[in-house]
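Colleague: Provide a 3D model corresponding to the input given below.
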Amino acid sequence: MNSKDTPVIIDSEHTDVVWLDLDDTLIDFQANSLRALDNVYRQEKLDRFFNSPQLWIDRYHHYNSLLWKDYAAGKVTREYLKMERFRMPLTEAGVSTDDATELSLKLDPVYLNLLAEEKQLMPGALDLLKRIRRAGLPVGVLSNGFVEVQHRKIASAGLTDLIDMVVLSDDIGVNKPDIRLFEHAMKVSGNISPERHIMIGDNPDTDISGAIAAGWQAIHFIPNASVSPSEKCPFVQNLSLIEVKKLRYC
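Modeller: Alright, predicted model coming up:
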């Protein structure tokens, strides 16, 4: 395992496609979601049920995190996730099941629209994309996020011209770490040699484990220092530590 301050090199001689996760790898999802949820609280007058924006956000995050783990594992559908992450905190706050269901159907598109308008990137993300492009390597996004919002998030963050391909779990109905999504991404890229692909992502269970299982190279990005590095590949805590160059072999 490398140290946290050691640069990690993408060998452009032995790599043909660089894939990146979107949320919390390129885009600062945590910050953007926090602002969007705060706006939902104020626009939809959720102070009727929660005595502060922070309480609403905390309860939403509690259920959303649990549901996303189940979604990645294929235990629940996207429709169930999108409904229950709102309905569960509402019913917990005392809203009747029927009223919570009705309100949740409204809150989901409101939240996703607000989220899609947010623009904050992870530190170093823009420069990393430029380094990859200067090295002549195509860039792909590989995400479990929803099709109706991920493309808009990329556009709002000003990344459209730096990304060549976007592959989403919604495209084929399976999520990372299922290797079928990685195989689909290779087909989209036109390069079906797994060892020529590299995945950069923050989630060791979906991004890294899935990439390794598919035969890809991988770099574990750890924006949160409390997360343990994957033992399966190099890691960085800052995207500025990822270099792209041709390595010479003797």
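Colleague: out of everything not next to it in sequence, what's closest to residue 77?
Modeller: residue 71 (7.8 Å; CB to CB, 6 or more residues apart in numbering). Where you see a C-beta, it was placed from the backbone N, CA and C, and this is true even at glycine.
Colleague: how is this protein divided into domains?
Modeller: Split into domains by automatic domain parsing, the chain comes to 8-27+122-245, 30-117.
Colleague: would you mind measuring from residue 88 to residue 60?
Modeller: In this structure, residue 88 and residue 60 are separated by 9 Å, where distance is defined by CB to CB, to the nearest Å.
Colleague: run the chain-centre distance for stretch 55-69.
Modeller: With CA atoms, centre = their mean, to the nearest Å as the basis, the distance from the averaged C-alpha position of stretch 55-69 to the chain average is 16 Å.
Colleague: list the buried residues of it.
Modeller: Along stretch 55-69, these residues count as buried under the neighbour rule (16 or more other CB atoms under 10 Å): 55-57, 59-61, 63-64, 67-68.
Colleague: next: stretch 68-80.
Modeller: Result for stretch 68-80 [16+ other CB under 10 Å]: buried residues 68, 71-72, 76.
Colleague: before we move on, what about stretch 28-46?
Modeller: Within stretch 28-46, the residues scored as buried using 16+ other CB under 10 Å are 28-29, 32-34, 36-37, 39-41, 44, 46.
Colleague: next, format the domains of the chain as a markdown table and append distance to residue 2.
Modeller: As requested, the domains of the chain are arranged in a markdown table below (distance: least, CB to CB, whole Å):
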| stretch | distance to residue 2 |
| --- | --- |
| domain 8-27+122-245 | 5 |
| domain 30-117 | 25 |
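Colleague: could you identify which of these is most buried?
Modeller: Ranked by mean neighbour count, the domains of the chain are led by domain 8-27+122-245 with a mean of 19 (mean count of other CB atoms under 10 Å).
Colleague: avg pLDDT for it?
Modeller: The average pLDDT for domain 8-27+122-245 rounds to 96.
Colleague: and it, how far apart are its ends?
Modeller: Between the start and the finish of domain 8-27+122-245 there is a gap of 10 Å, counting by CA to CA, to the nearest Å.
Colleague: all strands for the protein, in order.
Modeller: Listed in chain order, the strands found in the chain under DSSP state E are 8-11, 17-20, 139-143, 165-168, 197-201, 217-221, 235-236, 242-245.
Colleague: packing partners for the shortest one?
Modeller: Yep, that's strand 235-236 we're talking about. Packed against strand 235-236 by the contact rule (3 or more CB pairs under 8 Å, 6 or more residues apart in numbering; DSSP states H and E) you find strand 217-221.
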